[in-house]
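**Q** just coords:
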């Protein structure tokens, strides 16, 4: 666990710019309409496709116009460093006209705002150059607030330049602090080390900030009109819901690109959003996943090879950024990232490896507790290959794994769905069917239609003993379908965070040319929400997710994370309950839940996790920084001391021993790599307080001698 609250110069440079798809353009104002015909065709197709096929029927009216207006301006200038109140006033003549313009394939609003923004980008180069030419006054008592949702647009150009001054001052101050601490460390190792004066450090810091800004704007100038237009298009389509996005052909190609699979690297899928390289997904079992600090949604700011100086990749094309991140097995890459959850800046060291596809598949571990055998089945995703019926899929693998565990005398299962972001609906239904008799598992609804009940039609029950399902805030989509089915049937006990992610929608990626075949140029793609999921009890998993039967504190307990925190997320609703029969499997369900809640409430480990979660939330909410040198340093030191209290937050060790099933042990002689991976996994399981509590619950559960049938 790493927590760092120092602000890196790369991050502070970012705050000066937009934080979406916006900053991807050429600064040549003559190319406002690089291909006007193509732009209008895309608008024409998108408005018709969305109106007819999106799950939500939404009128193109003044309300939608206002949403697009706010979204586009925020996308271009979320940090309030380009537009003034006068600009916004001028743009506002279109605030309730964009809907009419879209209906007429008119791009007047886009052209006005885009053209003005290109002018502002040019002006910014003179702002930061002049401001960084002279030393800042660090004795002055002033602050800066980085929560730009509450900061108004500047009244005029003078106030705008002052916004820039404060931001650049903070970057410089942060750089001075970094170098000051580095000097202290060097002096401790070498008493003869010559310490630089504050004046020298300040001058070098300004030079470094200037260099970073110049490199950033050089990269911005290399980008093109289509990227800017994509920003506007995403403001239009995201007004329907946050999972609906437009991707131009190059973005689609990058979206699909990965540094996982057969390559030697860190095992992460990256996505370009504006000038930022975002972590879209981690490959289960890959180096980044095992290391544990990098998470989906994190922004990679810099990349360093081992002990070399880090390279700023902000504004860099994704293809180029990937070249620096991937590398040979056994080499170290150090990523400077801005954490999605806390906004803090961390340096994460990862040792590259060959990312083995096998690590994304089902695996299990056996443990003995009080004379009984239990097993943990790790299900990283609901994987399937629809193009190859002979290829592995998660349902077949789960069935096979359960059969092997039964043969070894296992009496209870933990299904670990933590960090499982979903996958195939088909396999989620089939895996649910391994634990219940035939019956409905999930309901699926298209716009304006009655829900369709998706059923398990196989009467066979592969596992009829105790089941605990372990989830967290990252468990989403198909994971929530499985967990909800186990909960609604009263087949398993759900343990984890307060609730799962809450993604109850389905998206489909469609080529726009499919709807306008006579147009020869590639128009890109739309990823559009077309369906919604509902539980068999009728409630949607959208926003609400699945509430745990037993909630355990986690570092995300108080954070805004999940579908419910996304702007424009579709609402929770319900449909009629499906006809299903609860298994009502356990004679002592309520007692087991009560006992677990008491253990958690009295656990010093979980108490510390809860305190840590509150502290993280407090720091997330604190967006104000002093620009006085002494106060800035004092605040940073105070936070570092506070962080010390939580260094041991996840230091836990059980007395349990985890082993591989016999069939896997037989493979170890010929596959040392597999053996090493399992040894490492088993060590982590022994240190996992959530697994320990899940085992406590599993060991207490008592099956009914004769299952009581409850009809719904």
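**A** Right, received. Where do you want to start? Note that the coordinates shown come from a computational prediction; the quantities given were computed from them, not determined experimentally.
**Q** when you work out contacts or count neighbours from here on, use the C-alpha atoms and nothing else.
**A** Fine.
**Q** residue 560: neighbour count?
**A** 14 (other C-alpha atoms under 10 Å).
**Q** state the distance from it to residue 618.
**A** 12 Å (C-alpha to C-alpha, to the nearest Å).
**Q** same check, this time on residue 344
**A** Counting by C-alpha to C-alpha - residue 344 and residue 618 are separated by 12 Å.
**Q** neighbour count: those two, which is higher?
**A** It is residue 344, of residue 344 and residue 618, that has more neighbours when counted by other C-alpha under 10 Å, with 19 against 14.
**Q** give me the local confidence score for residue 18.
**A** We have a pLDDT of 27 for residue 18.
**Q** residue 489 contacts residue 578, doesn't it?
**A** No: with contact defined as C-alpha atoms under 8 Å, residue 489 does not count as touching residue 578 (11.7 Å).
**Q** what's the strand ranked longest in the chain in contact with?
**A** Longest strand in the chain by number of residues (criterion: DSSP state E): strand 525-534. The contact list for strand 525-534 (C-alpha atoms under 8 Å, 6 or more residues apart in numbering) reads 46, 50, 53-55, 241, 243-249, 252, 442-447, 504-512, 540-542, 574-575.
**Q** and the strands in the stretch 451-600 of the chain?
**A** 452-456, 466-470, 493-496, 505-511, 525-534, 550-551, 581-582 (DSSP state E, counting those that start in this stretch).
**Q** and the stretch 601-712 of the chain, by the same measure?
**A** Going by DSSP E, counting those that start in this stretch, the stretch 601-712 of the chain shows strands at 624-626, 658-659, 710-711.
**Q** likewise the stretch 101-250 of the chain?
**A** 143-145, 245-247.
**Q** which other helices and strands contact the first one?
**A** When you say that, I think you mean strand 143-145. If you count contacts as 3 or more C-alpha pairs under 8 Å, 6 or more residues apart in numbering; DSSP states H and E, strand 143-145 packs onto strand 624-626.
**Q** and the closest residue to residue 133 other than its chain neighbours, what's its pLDDT?
**A** Closest residue to residue 133 apart from its sequence neighbours, by C-alpha to C-alpha, 6 or more residues apart in numbering: residue 206 at 7.9 Å. Looking at residue 206, its pLDDT stands at 95.
**Q** where does the stretch 351-500 of the chain have low pLDDT?
**A** 355-359, 387-389 (pLDDT under 70).
**Q** helices of that one, start to end?
**A** Taking DSSP state H, counting those that start in this stretch as the criterion, the stretch 351-500 of the chain carries its helices at 394-407, 425-433, 478-488.
**Q** so which of those helices gets nearest residue 690?
**A** Of all the helices of the stretch 351-500 of the chain, helix 478-488 sits nearest to residue 690, with 16.8 Å by C-alpha to C-alpha.
**Q** determine the set of other helices and strands touching that closest one.
**A** helix 425-433, strand 439-446, strand 493-496.
**Q** strands paired with the second one, and their directions?
**A** Spelled out, it's strand 439-446. strand 452-456 (antiparallel), strand 525-534 (antiparallel) (DSSP bridges).
**Q** what would the helices of the stretch 351-500 of the chain look like in JSON lines with distance to residue 59 and mean neighbour count?
**A** Converted to JSON lines, the helices of the stretch 351-500 of the chain look like this (distance: least, C-alpha to C-alpha, whole Å; neighbours: other C-alpha atoms under 10 Å):
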{"stretch": "helix 394-407", "distance to residue 59": "40", "mean neighbour count": "18"}
{"stretch": "helix 425-433", "distance to residue 59": "30", "mean neighbour count": "23"}
{"stretch": "helix 478-488", "distance to residue 59": "30", "mean neighbour count": "27"}
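**Q** these two touch, right, the residue nearest to residue 133 and residue 132?
**A** Yes: with contact defined as C-alpha under 8 Å, residue 206 counts as touching residue 132 (5.9 Å).
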